[in-house]
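Asker: Let's see this in three dimensions:
(chains A and B)
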Number of protein chains: 2
Amino acid sequence: MTETSARRDREFMEEALNEARAGLAEGGIPIGSVLVLGDQVVGRGHNRRIQKGNPILHGEMDALQDAGRLRASEYRRSTIYTTLSPCDMCSGAILLYRIPRVVLAENRTFLGAEVLLRSRGVEVDDLDLEEAVDLMRRFIGEHPDVWNEDVGA
Amino acid sequence: MTETSARRDREFMEEALNEARAGLAEGGIPIGSVLVLGDQVVGRGHNRRIQKGNPILHGEMDALQDAGRLRASEYRRSTIYTTLSPCDMCSGAILLYRIPRVVLAENRTFLGAEVLLRSRGVEVDDLDLEEAVDLMRRFIGEHPDVWNEDVGA
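Answerer: Okay, the predicted model is just below:
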């Protein structure tokens, strides 16, 4: 990875982290995501289980919803940034639309379906950011019940 | 399977088919779903890609959204009925919430992630209903572009 593309990943992840922080400020689970096409964010979102009483609005799903209807050819040259390793549902959405690359901020607090994604040819890059781990550790420590609910546990 | 449980499956599938027909009447993709807990429908929905400009609202996702926040223990004794074999995204949602059983009306017009579901212990039963096949064949014939978009093709 070149220095430029690493910087670009860090910048888009900062936008996903801002989404996570916005979710936390709303009283929600602090997980955010942005969908990027070329150099543009075309969808952004955060987990809204609590805010909307909605079990399908994980951060990645919210970003895909926000992007609206894209062409197959657009998804196939997009990258999805997420502050946490994508669960089975979000990974399934990534596979459905054949998004070729996922960049995640961490998988220490939750390990999603990364093996499945890679087995289907998706590039999965983990930035392993301490601030993302801290955001989740604090939330899980304070709201273990809500967190378990969010991952079907 | 006993005659009673087969009749029960057929009745709940009729509700999912009614959802599919409602979607068609709205100008949408005719795929419907109901989530059943015990003997109660707790969530119902249909594909609303066109109606809402929303790529995550497949029928099953719409039914899960409609059900709202359930306990893990509730998902684990639920059954999801869907008029079409569940795609990667919807199968991922089923895996996330560990819904133990999926009943589908057909997989002739589209074969979803049934192998993955079964490999993770989900019971998948196909009622193979001609009327569900007809509903999809007619729609796909008239709107192949929208249908391709819906399955990321």
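Asker: Near chain B, which residues of chain A? Just list them.
Answerer: When proximity is defined as Cβ under 8 Å from any Cβ of the partner chain, chain A approaches chain B at A:49, A:53-57, A:61, A:64-65, A:67-72, A:75, A:87-93, A:95-98, A:113, A:116, A:148-149, A:151-153. For every residue, glycine as well, the C-beta is placed using N, CA and C.
Asker: Count the residues that sit near the residue in chain A positioned nearest to chain B.
Answerer: Closest contact between chain A and chain B, by Cβ to the nearest Cβ, is at residue A:92 (2.3 Å). Counted by other Cβ atoms under 10 Å in any protein chain shown, the residues lying close to residue A:92 total 29.
Asker: go on, the one 5 residues further on?
Answerer: Burial of residue A:97 is recorded as 25 neighbouring residues (other Cβ under 10 Å).
Asker: same thing with the one 4 residues further on?
Answerer: For residue A:101, the neighbour count with other Cβ under 10 Å is 17.
Asker: if I pick it, what's in contact with it?
Answerer: Contacts for residue A:101 (Cβ atoms under 8 Å, 6 or more residues apart in numbering or on different chains) come out as A:78-80, A:122-125.
Asker: Helices along chain A, start to end?
Answerer: Under the criterion DSSP state H, helices of chain A are mapped to A:3-25, A:49-52, A:59-67, A:72-75, A:88-96, A:114-119, A:130-142, A:144-150.
Asker: thinking again about what came up before, how about the residue of chain A closest to chain B, nearest residue that isn't a chain neighbour?
Answerer: Nearest residue to residue A:92, sequence neighbours excluded (Cβ to Cβ, 6 or more residues apart in numbering or on different chains): residue B:92, at 2.3 Å.
Asker: Quickly note the distance from that neighbour to residue B:123.
Answerer: 17 Å (Cβ to Cβ, to the nearest Å).
Asker: May I see the PyMOL selection of the buried members of the residues of chain A next to chain B?
Answerer: With 16 or more other Cβ atoms under 10 Å in any protein chain shown as the criterion, this PyMOL line picks the buried residues out of the residues of chain A next to chain B:
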select buried, chain A and resi 49+54+55+56+57+61+64+65+67+70+75+87+88+89+90+91+92+93+95+96+97+98+113+116+149+151+152
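Asker: that older thread, list the contacts for the residue of chain A closest to chain B?
Answerer: Counted by Cβ under 8 Å, 6+ apart, residue A:92 has contacts A:113, B:87-93, B:95, B:113.
Asker: same question, residue A:33
Answerer: Contacts of residue A:33 (Cβ under 8 Å, 6+ apart): A:16, A:19, A:44-46, A:59-60, A:62-63, A:80-83.
Asker: State the distance from it to residue A:82.
Answerer: As for residue A:33, its distance to residue A:82 is 4 Å (criterion: Cβ to Cβ).
Asker: Mind listing the shared neighbours of those two?
Answerer: Common neighbours of residue A:33 and residue A:82 (criterion: Cβ under 8 Å, 6+ apart): A:16, A:59-60.
Asker: center of chain A, which residue is that?
Answerer: Taking Cα atoms, centre = their mean, the centroid of chain A lies closest to residue A:82, which sits 2.3 Å from it.
Asker: now that residue, which residues is it bridged with?
Answerer: When bridges are called by DSSP bridges, residue A:82 pairs up with residue A:33, residue A:104.
Asker: Please look at it and residue A:91 and confirm they touch.
Answerer: No: between residue A:82 and residue A:91 there is no contact under Cβ atoms under 8 Å: 10.2 Å.
Asker: now the helices of chain A in TSV, with distance to residue B:136?
Answerer: Below are the helices of chain A laid out as TSV (distance: least, Cβ to Cβ, whole Å):
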stretch	distance to residue B:136
helix A:3-25	36
helix A:49-52	30
helix A:59-67	23
helix A:72-75	19
helix A:88-96	17
helix A:114-119	27
helix A:130-142	41
helix A:144-150	33
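Asker: could those go into CSV alongside mean pLDDT and distance to residue A:105?
Answerer: Listed next are these as CSV, based on pLDDT from 0 to 100; distance: least, Cβ to Cβ, whole Å:
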stretch, mean pLDDT, distance to residue A:105
helix A:3-25, 96, 6
helix A:49-52, 97, 19
helix A:59-67, 98, 11
helix A:72-75, 96, 21
helix A:88-96, 98, 14
helix A:114-119, 98, 13
helix A:130-142, 96, 4
helix A:144-150, 92, 16
